[in-house]
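**Student:** here are the coordinates; sequence isn't available:
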Ligand SMILES: NC(=O)c1ccc[n+]([C@@H]2O[C@H](COP(=O)([O-])OP(=O)(O)OC[C@H]3O[C@@H](n4cnc5c(N)ncnc54)[C@H](O)[C@@H]3O)[C@@H](O)[C@H]2O)c1
Ligand SMILES: [Fe+2]
């Protein structure tokens, strides 16, 4: 674990704009940065809702050519990414605007990289392997969850059950544009799942064993947990609350900055096979394994979780020892997910017990994440965690 004398590097986008309604004014904020021809990357649901229209209108108002790629699916596949790249090459894109949840933003990031550099994706997977240069990139999140707008990571589903990531500072956008109004219509189930994803980012970043875990990430993670823990129930129950929506979007971005520089660990490693194979939303996949992974980690990390328990749940400030606070923290997280209406068992999302062994084998491929976990995880441990979650 990092202490105050340990060296670290902290990367974040050069500009983060946070303002209600700002996505309608991208002509003022981002048009110059993007050049003449913009590849606009989003998903079909957002397109149907018309949520992107004011942003597209603003770019066209500024005289830009906008080519729309609206075929991004949840947990985007390699084929989808390559179609976005082709579209960008065909239209001669000078810049990329990603608009949507983590799925659209992740595709936008790699489209900007691959169109800009022409490099081979097979050599870019992993940490620090991308070469660049990338095209100018602006990211506009419409979920309050992944924090992808401020992270160097892009996650692509390369085959059934296997997600791969490209992590590089090149994936950080030139501008992250946060407009809480865009999240007002986010349905309760997606608000809950994405909000819990953001909480997991903060928890895993804070406890990460990464050599780059650092005081900035830790501070951001705590602030994120206060905003997210304090507002997630209101955001789910009363989606129109601008106060709660703003807090969630800000909280998810801060959690994103935290884990961008102090990466996540076993909760995400064990969540990926659930999302990748069974198409369970990313946040729900995390929630399903969250209490079980934290319980597994507790022998090594109870004192760390105890430090942040009161940030998420102020009522846990009861002056007890760290073991008791950690146990109460895990129970509170499980109870929160239940109150938010999320499923709590793997069997409830249609996963048969016979799949658990393959899932454990798949989770072990996430060495990039597992090395950050406070306690070493073997394949047998992963299987035991899945069994507990089943
Ligand atoms: N890059 C990163 O740092 C990072 C971190 C965590 C997760 N991820 C990845 O992000 C993806 C998950 O992203 P996500 O959870 O944001 O969901 P998502 O992008 O997959 O979107 C989920 C659904 O929500 C809908 N939606 C989004 N915004 C909406 C809005 N404002 N109103 C109504 N509907 C809306 C979409 O149309 C879609 O149907 C996964 O692929 C995951 O692996 C990336
Ligand atoms: Fe996540």
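**Tutor:** Done, it's in. The structure presented is a predicted model; accordingly, all values stated were derived computationally and were not measured. Ligands and ions are numbered 1, 2, ... in the order given.
**Student:** where does the stretch 201-350 of the chain come near ligand 1, residue by residue?
**Tutor:** Applying Cβ under 6 Å from any ligand atom, we find that the stretch 201-350 of the chain lies next to ligand 1 at 282, 283. (Glycine included, C-beta is placed from N, CA and C.)
**Student:** name the residue of the stretch 201-350 of the chain that lies nearest to ligand 1.
**Tutor:** residue 282 (4.0 Å; Cβ to the nearest ligand atom).
**Student:** residues in contact with that residue?
**Tutor:** 74, 75, 102, 145, 146, 193, 194, 197, 271, 275 (Cβ atoms under 8 Å, 6 or more residues apart in numbering).
**Student:** which residues touch the last one?
**Tutor:** When you say that, I think you mean residue 275. Listed by Cβ under 8 Å, 6+ apart, the contact partners of residue 275 are 75, 163, 281, 282, 285.
**Student:** so the second one is in which element?
**Tutor:** For residue 163, the element it lies in under DSSP states H and E is strand 162-167.
**Student:** equivalent analysis for residue 135, please.
**Tutor:** Residue 135 belongs to no helix or strand, assigned by DSSP H and E.
**Student:** point to the helix or strand of the protein where mean pLDDT is at its lowest.
**Tutor:** For the chain, counting by mean pLDDT, DSSP states H and E, strand 162-167 ranks last in confidence among helices and strands (a mean of 88).
**Student:** what helices and strands are in contact with it?
**Tutor:** On a contact count with 3 or more Cβ pairs under 8 Å, 6 or more residues apart in numbering; DSSP states H and E, strand 162-167 meets helix 102-117, strand 126-127, strand 153-159, helix 266-278.
**Student:** one more time with 7 Å, if that's ok
**Tutor:** strand 153-159, helix 266-278 (3 or more Cβ pairs under 7 Å, 6 or more residues apart in numbering; DSSP states H and E).
**Student:** most tightly packed of these?
**Tutor:** Ranked by mean neighbour count, these are led by helix 266-278 with a mean of 26 (mean count of other Cβ atoms under 10 Å).
**Student:** show me what counts as buried in the following helix or strand past that one.
**Tutor:** With elements assigned by DSSP H and E, the helix or strand that comes after helix 266-278 is helix 282-312. Of the residues in helix 282-312, those buried by neighbour count under the rule 16 or more other Cβ atoms under 10 Å are 282-298, 301-302, 304-312.
**Student:** pLDDT of stretch 116-126, averaged?
**Tutor:** Mean pLDDT, stretch 116-126: 96.
**Student:** is any part of it close to ligand 1?
**Tutor:** No. Judged by Cβ under 6 Å from any ligand atom, stretch 116-126 makes no contact with ligand 1; its nearest approach is 13.9 Å.
**Student:** got the contact list for that stretch?
**Tutor:** Stretch 116-126 is contacted from outside by 114, 129, 130, 131, 132, 133, 134, 135, 164, 166, using Cβ atoms under 7 Å, 6 or more residues apart in numbering.
**Student:** show me which of the residues you listed are buried.
**Tutor:** 114, 130, 134, 135, 164, 166.
**Student:** the fourth one and residue 153, how far apart?
**Tutor:** It stands for residue 135. 18 Å (Cβ to Cβ, to the nearest Å).
**Student:** close to ligand 1: what parts of the stretch 51-200 of the chain are there?
**Tutor:** Proximity of the stretch 51-200 of the chain to ligand 1, by Cβ under 6 Å from any ligand atom, involves residues 51, 74-75, 100-104, 106, 142-143, 145-148, 151, 153-155, 182-183, 185-186, 190, 194, 197.
**Student:** if any of those residues are buried, put those into a ChimeraX selection.
**Tutor:** In ChimeraX syntax, the buried subset of these is picked out as below (16+ other Cβ under 10 Å):
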select :51,74,75,100,101,102,103,104,106,142,143,145,146,147,148,151,153,154,155,182,183,186,190,194,197
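**Student:** how is this protein carved up into domains?
**Tutor:** The chain breaks down by automatic domain parsing into domains covering 15-182, 188-389.
**Student:** in a markdown table, list the ones you listed along with distance to residue 4.
**Tutor:** Output for the domains of the chain, formatted as a markdown table (distance: least, Cβ to Cβ, whole Å):
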| stretch | distance to residue 4 |
| --- | --- |
| domain 15-182 | 24 |
| domain 188-389 | 7 |
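**Student:** sheet-wise, list the partners of the strand holding residue 163 with their directions.
**Tutor:** strand 126-127 (parallel), strand 153-159 (antiparallel) (DSSP bridges).
**Student:** now that strand and helix 102-117, what's the angle there?
**Tutor:** 60 degrees (axes from the mean of the first three to the mean of the last three Cα atoms, to 10 degrees).
**Student:** quick revisit: now the helices and strands packed on strand 162-167 as TSV including mean pLDDT?
**Tutor:** Below are the helices and strands packed on strand 162-167 laid out as TSV (pLDDT from 0 to 100):
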stretch	mean pLDDT
strand 153-159	92
helix 266-278	92
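**Student:** okay, those in TSV with distance to residue 89 next?
**Tutor:** Output for the helices and strands packed on strand 162-167, formatted as TSV (distance: least, Cβ to Cβ, whole Å):
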stretch	distance to residue 89
strand 153-159	18
helix 266-278	27
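**Student:** pick out the residue nearest the middle of this protein.
**Tutor:** residue 146 (2.0 Å; Cα atoms, centre = their mean).
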